[in-house]
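> the following comprises the amino acid sequence and a computationally predicted model.
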Amino acid sequence: QVHLVESGGGLVQPGGSLRLSCVASGFAFSAYEVGWHRQVPGKEREFIASMNDNGQSTRYSDSVKGRFTISRDNSKNTMYLQMNNLQPDDTAVYYCNAVSKFFLTYWGQGTKVTVSA
């Protein structure tokens with residue numbers, strides 16, 4: 001059974017940092033591209049970052065480039081999102097996903113991040 005389980009969300013003050021984790025099970029994690037998206041109520045899910053299967057290629061949205069860093073540890077079936085200099089506009093539910101070369105996609109259940117003073 002496939003699982004993607006996020007953790008690490010919470011409340012942080014503007015300018016603060018959080019590290020999200022997403023642990024995968026039930027599929028060949030190391031063969032999948034991984035990514036992070038976020039969603040605010042009433043808006044579409046937004047792409048944040050992605051990393052290819054071997055970790056050598058990354059992409060970021062303009063809204064987080066230079067502040068967020070995606071990484072993965074294939075030995076632990078885990079992906080990460082390091083978020084620095086968080087701002088109130090970063091408040092959202094963050095989702096991890098994994099995409100195969102055949103575009104089979106798995107999603108986590110989401111973890112909430114709130115940036116507020």
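Thanks, I have the structure now.

> tell me, what residue is most central in the protein?
When Cα atoms, centre = their mean is applied to the chain, the residue found nearest the centroid is Trp36 (2.9 Å).

> which of the three states applies to Ser30?
Using DSSP: H, G, I helix; E, B strand; the rest coil, the structure places Ser30 in helix.

> my error: substitute Asp89 in the last question.
Each residue gets one of three states, and Asp89 gets helix by three-state DSSP.

> so it versus Asp62, what's the distance?
Shown here: Asp89 relative to Asp62, a distance of 13 Å by Cβ to Cβ, to the nearest Å. Quick note: C-beta positions are derived from backbone N, CA and C, even for glycine.

> compare the two (neighbour count), which wins?
Neighbours were counted for Asp89 and for Asp62 using other Cβ atoms under 10 Å; Asp89 has more, 10 against 6.

> quick one: residues contacting that one.
Counting by Cβ atoms under 8 Å, 6 or more residues apart in numbering, Asp89 makes contact with 63, 115.

> average model confidence for the helix or strand hosting the residue nearest to the centre of the chain?
Secondary-structure assignment from DSSP states H and E places Trp36 in strand 33-39. Along strand 33-39, the predicted local confidence has a mean pLDDT of 98.

> so what are the sheet partners of the next helix or strand after it and their directions?
Along the chain past strand 33-39, the next helix or strand (assigned with DSSP H and E) turns out to be strand 46-51. With DSSP bridges as the test, strand 46-51 is paired with strand 33-39 (antiparallel), strand 58-60 (antiparallel).

> deepest of the ones you listed, which one?
When these are scored by mean count of other Cβ atoms under 10 Å, the highest mean neighbour count falls to strand 33-39 (a mean of 22).

> what does that strand contact?
When contacts are defined by Cβ under 8 Å, 6+ apart, strand 33-39 is touched by residues 20, 22, 45-53, 68, 70, 72, 79, 81, 90, 92-100, 110, 113.

> out of those, which are buried?
The neighbour-count test (16 or more other Cβ atoms under 10 Å) marks 20, 22, 47-51, 53, 68, 70, 72, 79, 81, 90, 92-99, 110, 113 as buried among the contacts of strand 33-39.

> fine by me, we can end here.
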